[in-house]
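Asker: Provided below for reference: sequence and predicted model.
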Amino acid sequence: MRFRKPQIQVIFMPSRLERVLSQPRLLKVFVAILLVIGFGLTLLTFYPGVMTFDAKYLHEYAMKGTMGDWQSPIMVWLWGLIDPVAPGAGSMFLLIAISYWLGFGLLSLTLASRGRMIALLLPILALTPPSLALVGIIWRDVLFATCWLLAAAVALAASEQRSWIRLAGQTASLALVALGVLLRPNALLAAPILAAYALWLSRVSLRKTAILYAPAVLGFFGMVQLIYYGLLDAKREHPLQTIMIFDLGGISHFARANQFPVEWSEAENAMLLDTCYQPTMWDIYWRLDPCDFVMRKIEREKGLFGTSAISTAWLTAILRHPVAYLQHRSAFMWNFLAGDNLTMWTADIEDPARNVFANRAAFGALVSAHDVLKPTPFFWAGFWLLACIALCGIGWRKAPREAAFISCVCGSAAVYVLTFYCVGVASDFRYAYWAVLAAMAGGVVLLSGDASRPARKHQSMIRKRVKRFSLATKREARAEIMFEQRSEVR
């Protein structure tokens, strides 16, 4: 009697990568290790933080208890509150660094809990020069960006939790959005978009957002007025008139006629219409020789700064010369988006001729990497604006949870950067920092695929394959034994 050796079904064992993906706990451990390394490197590179001139004035205000609206009074109040932790720049640096790594950490761990290997990419992106180079510099724009990153991360993490945890996460996220507006009031137009995500999470509706957009803007505006001038009793220093001064100079240049409510000498008028104008920053008219004669006369000699004379002249100039206004604003915006602007602050404000942390290897390595990348699009505000717009378009076709996150986070960043067309008075890269963080977060969420349901389905499929492999191996072993026994009988 002839016996035929049984056919063995071939079943492939899952790859090592698939086995890791099927174990979110192990992936979370790897993510946590990267986050700890990243935070440690940030401290090693920057602690106690790089003080700028703006930060110096804010810290002095905090120590004196003085509140003014030229810079953000809420940042002054915060700094006074946390200063005992690490007096000087250290306390504010720690606040920025912790919020930065908490934001990236929550996003990474949320994706890791879904078994997404792409979660490992976020801590790595957080260590790249376009994002890391500004974390250690004390600017309110950096704190603003990290607050909104954390707001988005908290909302995403809360979207997968039970009802009471989800509600607490939504409340915390909305509070961080509001804090961002208090830090940067020109975020008024962008805040309702991010707030919509915190409110509705994966159920964000374009119709509801559009209906509530204007009331939300008014609500945030009222909040700024109440907290700035009611609770904090901030002194009005008329920061909006810096925009008007800059616009009056720009319109004068393009219209070839003086638009300021004062008369100039022949030489001053010639400079005002020609050499003084640069579409880079308003400081040219305020403190830079030889054009500082503008604010010297307007503020010190005539006492017009902060009065209705400036706002009336500004409105009249726009109505009379709308084309010149658009030429000026377009020139500024182009320089802001694609110009060679200030990125990483490295000067020691106590001795501007020398750099901070001159003998610190980690800081020197970051500066070198920054210098190599600075001529590239990675340090152009326009690159990150386009990235956010593109992510909004691509992400809209994803599953509701991912689409809501990408559209609201990147959409708020795009709107925020675009507001500088009307209100920008300087072209520093820091003003687009929220777009950098939003594009990185949105891009990784886009690459992560659909939400947790497909991930669980994938993990279930892997477990079934492992089980089938085990059963097939047992069957194969039994068949081999039977074949050998029958061969011996024969």
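Answerer: Ah, there it is. Residues are numbered from 1 along each chain as shown.

Asker: So which residue is dead centre in the protein?
Answerer: Trp434 (2.3 Å; Cα atoms, centre = their mean).

Asker: Just give the closest residue to Ala84, not the sequence neighbours.
Answerer: For residue 84 the amino acid is Pro, not Ala. Distances taken as Cβ to Cβ, 6 or more residues apart in numbering place Ser91 nearest to Pro84, at 7.6 Å, with adjacent residues excluded. Just so you know, the C-beta spots here come from the backbone N, C-alpha and C atoms, and that holds for glycine as well.

Asker: Next: Ala172.
Answerer: That would be Val154: by Cβ to Cβ, 6+ apart, it lies 5.2 Å from Ala172.

Asker: what distance separates the one helix or strand the one you found maps to from the middle of the whole chain?
Answerer: Using DSSP states H and E, Val154 sits in helix 140-158. How far helix 140-158 lies from its chain's middle: 7 Å, per Cα atoms, centre = their mean, to the nearest Å.

Asker: Alpha carbons of it, in PDB - could you do that?
Answerer: Only the C-alpha atoms of helix 140-158 are listed here, as PDB (Å, rounded to 0.1, in the frame of the first residue of the first chain):
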ATOM      1  CA  ARG A 140       5.900  85.100  23.500                       C
ATOM      2  CA  ASP A 141       5.400  83.800  19.900                       C
ATOM      3  CA  VAL A 142       7.200  80.500  20.900                       C
ATOM      4  CA  LEU A 143       5.100  80.200  24.100                       C
ATOM      5  CA  PHE A 144       2.000  80.900  22.000                       C
ATOM      6  CA  ALA A 145       2.800  78.100  19.500                       C
ATOM      7  CA  THR A 146       3.600  75.500  22.200                       C
ATOM      8  CA  CYS A 147       0.300  76.300  24.000                       C
ATOM      9  CA  TRP A 148      -1.700  75.700  20.900                       C
ATOM     10  CA  LEU A 149       0.300  72.600  20.100                       C
ATOM     11  CA  LEU A 150      -0.600  71.300  23.600                       C
ATOM     12  CA  ALA A 151      -4.200  72.300  23.100                       C
ATOM     13  CA  ALA A 152      -4.400  70.300  19.900                       C
ATOM     14  CA  ALA A 153      -2.700  67.300  21.500                       C
ATOM     15  CA  VAL A 154      -4.900  67.300  24.600                       C
ATOM     16  CA  ALA A 155      -8.000  67.400  22.400                       C
ATOM     17  CA  LEU A 156      -6.800  64.500  20.200                       C
ATOM     18  CA  ALA A 157      -5.900  62.400  23.300                       C
ATOM     19  CA  ALA A 158      -9.300  63.200  24.900                       C
END
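
Asker: So which elements touch it?
Answerer: helix 89-113, helix 163-183, helix 191-200, helix 400-418, helix 433-447 (3 or more Cβ pairs under 8 Å, 6 or more residues apart in numbering; DSSP states H and E).

Asker: Mind doing that once more with 6 Å?
Answerer: In this structure, helix 140-158 packs against helix 89-113, helix 163-183, helix 433-447, with contacts taken as 3 or more Cβ pairs under 6 Å, 6 or more residues apart in numbering; DSSP states H and E.

Asker: now the angle between helix 140-158 and the shortest one, please.
Answerer: On the basis of axes from the mean of the first three to the mean of the last three Cα atoms, to 10 degrees, helix 433-447 is oriented at 20 degrees to helix 140-158.

Asker: What mean pLDDT does helix 433-447 get?
Answerer: Regarding helix 433-447, the rounded mean pLDDT is 96.

Asker: Can you pull out the low-pLDDT segments for the stretch 351-490 of the chain?
Answerer: Applying pLDDT under 70 to the stretch 351-490 of the chain picks out residues 450-490.

Asker: what's near enough to touch the residue nearest to Ala172?
Answerer: By Cβ atoms under 6 Å, 6 or more residues apart in numbering, Val154 lies in contact with 169, 172-173.

Asker: Just among those, which is most surrounded?
Answerer: Counting neighbours by other Cβ atoms under 10 Å, the top entry in the contacts of Val154 is Ser173, with 26 neighbours.

Asker: so how far is Ile124 from that residue?
Answerer: 25 Å (Cβ to Cβ, to the nearest Å).

Asker: what's the answer for Ala270, then?
Answerer: Taking Cβ to Cβ, one finds Ala270 at 54 Å from Ile124.

Asker: which parts of the longest strand along the chain are buried?
Answerer: Ranked by residue count and defined by DSSP state E, the top strand of the chain is strand 351-355. Of the residues in strand 351-355, Asn355 count as buried by neighbour count, 16 or more other Cβ atoms under 10 Å.

Asker: try stretch 85-98
Answerer: 86, 88-97.

Asker: Then stretch 108-125?
Answerer: 108-123, 125.

Asker: Return the residues in contact with the residue nearest to the centre of the chain.
Answerer: 145, 148, 413, 416 are the contacts of Trp434 under Cβ under 6 Å, 6+ apart.

Asker: ditto for Pro239
Answerer: With Cβ under 6 Å, 6+ apart, Pro239 has these contacts: Trp70.

Asker: Okay, it and Val423: tell me how far apart.
Answerer: 10 Å.

Asker: re the thing from before, which non-adjacent residue is nearest the residue nearest to the centre of the chain?
Answerer: Using Cβ to Cβ, 6+ apart, the closest residue to Trp434 is Ala145 (4.1 Å).

Asker: Report the contact partners of that neighbour.
Answerer: Contacts of Ala145 (Cβ under 6 Å, 6+ apart): 433-434, 437.

Asker: Can you tell me which of those comes closest to Phe405?
Answerer: Leu437 (13.4 Å; Cβ to Cβ).

Asker: nearest residue to Ile37 other than its sequence neighbours?
Answerer: Using Cβ to Cβ, 6+ apart, the closest residue to Ile37 is Pro123 (7.8 Å).
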